[in-house]
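K.L.:
Model the structure of this input:
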Amino acid sequence: MAGSVLIFDSGVGGLSVAAALRQHYPGAALSYACDNAWLPYGLRPDEVLTQRIVAVCRAAVEACRPAVLVVACNTASTLALEPLRRALAIPVVGTVPAIKPAAALSQTRHLGLLATTATVRRPYTQRLIEHFAADCRVTFVAADALVTEAEAWLGGASPNPARLNAALTPLWKAASASSPLDTVVLGCTHFPLLTPWLAALSPLPLAWVDSGDAIARRVGQLVAPLLNASDESGQAFATAPRPALAHALAAYGFQRPEYLPVAAC
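P.N.:
Below is the predicted model of the structure:
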């Protein structure tokens, strides 16, 4: 869709960003592209994955001619923002863990970072903490299983409480410690989709912070005149279109995904 905001993710996690964009700009024309043929990204070698991200995003941009690309994936953003900005002629907005707003919100100065293994290990993540939360204790929880649960839920399955609890046990222990965490950074765009279940399972009330609002504000700064252009359902593209994916996209106002061919890296 020419002039749209193109949202890119490895799977359905970017739909949480689409929801934030629609909340801020109900009339925005949105398109969606996912590389579900390579899901999950966090298990791929960095160099190969960077080349793949650039190739998929280039193909998606050529397919719908958007005004801006939102990389709604923490793993992809920490790896490939600069290569994407060199490769594309449109603005590129990335996604990083919401450390800064979480630190501003926390009263106990103890944060939880709930993310994929790849994001937890990135030096970029540590630099964010050093810059914006140097006075905070941070408990890192790598919860790759939540990606699978979010993908399955949007495909029509119910989240499994036992699997969620197993993935989140380190977080619950930190929340119940003598110096408890009170704020959790959702460092993967899949995770906000599961917030109602996470909050229900938590032994204590916690603040859950994600990057959706910050991304929406940044997009507004870049392409404000285009954000009230259309309320029609948006185009969608996938490297492996599947019925479950179509179900998830339809729930967020997108058309059945078209196959997105990607040139070999």
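
K.L.:
In the chain, which residue sits furthest out from the middle?
P.N.:
Outermost residue of the chain with respect to the C-alpha centroid, by CA atoms, centre = their mean, is Ser178; its distance is 31.6 Å.

K.L.:
Surely that one is in a helix?
P.N.:
No - with DSSP: H, G, I helix; E, B strand; the rest coil as the criterion, Ser178 is coil rather than part of a helix.

K.L.:
remind me which residues of the stretch 51-200 of the chain are low pLDDT?
P.N.:
Within the stretch 51-200 of the chain, not a single segment meets pLDDT under 70.

K.L.:
Now do the strands in the stretch 51-200 of the chain.
P.N.:
For the stretch 51-200 of the chain, applying DSSP state E, counting those that start in this stretch gives strands covering 68-71, 92-93, 110-115, 137-142, 183-186.

K.L.:
Give me whichever of the ones you listed is most buried.
P.N.:
Of all the strands of the stretch 51-200 of the chain, strand 183-186 has the most neighbours on average by mean count of other CB atoms under 10 Å, namely a mean of 28. (Glycine included, C-beta is placed from N, CA and C.)

K.L.:
which other helices and strands contact that one?
P.N.:
helix 99-105, strand 110-115, strand 207-209 (3 or more CB pairs under 8 Å, 6 or more residues apart in numbering; DSSP states H and E).

K.L.:
again, only this time at 10 Å
P.N.:
The contact analysis (3 or more CB pairs under 10 Å, 6 or more residues apart in numbering; DSSP states H and E) places strand 183-186 against helix 99-105, strand 110-115, helix 123-132, strand 137-142, helix 161-175, helix 195-201, strand 207-209.

K.L.:
got the CA positions of the fifth one in CSV?
P.N.:
The C-alpha coordinates for helix 161-175 follow below in CSV (Å, rounded to 0.1, in the frame of the first residue of the first chain):
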residue,chain,number,x,y,z
PRO,A,161,-0.4,-21.4,31.9
ALA,A,162,2.0,-24.1,32.9
ARG,A,163,4.5,-23.2,30.1
LEU,A,164,4.1,-19.5,30.9
ASN,A,165,4.8,-20.1,34.6
ALA,A,166,7.8,-22.3,33.8
ALA,A,167,9.3,-19.6,31.6
LEU,A,168,8.6,-16.9,34.2
THR,A,169,9.8,-18.6,37.4
PRO,A,170,12.9,-16.4,37.7
LEU,A,171,10.8,-13.3,37.3
TRP,A,172,8.4,-14.4,40.0
LYS,A,173,11.3,-15.1,42.4
ALA,A,174,12.7,-11.6,41.8
ALA,A,175,9.3,-10.1,42.4
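
K.L.:
Spell out which residues make up each domain of this structure.
P.N.:
5-95+213-259, 99-210 (automatic domain parsing).

K.L.:
hey, which of those domains is tucked in deepest?
P.N.:
Of all the domains of the chain, domain 5-95+213-259 has the most neighbours on average by mean count of other CB under 10 Å, namely a mean of 20.

K.L.:
Now do the residue farthest from the centre of the chain against Pro170, distance only.
P.N.:
Using CB to CB, to the nearest Å, Ser178 is found at 16 Å from Pro170.

K.L.:
What of Arg137?
P.N.:
In terms of CB to CB, Arg137 sits 14 Å off from Pro170.

K.L.:
intersection of neighbour lists for these two?
P.N.:
Residues within reach of Arg137 and of Pro170 at once, by CB atoms under 10 Å, 6 or more residues apart in numbering, are Gly112.
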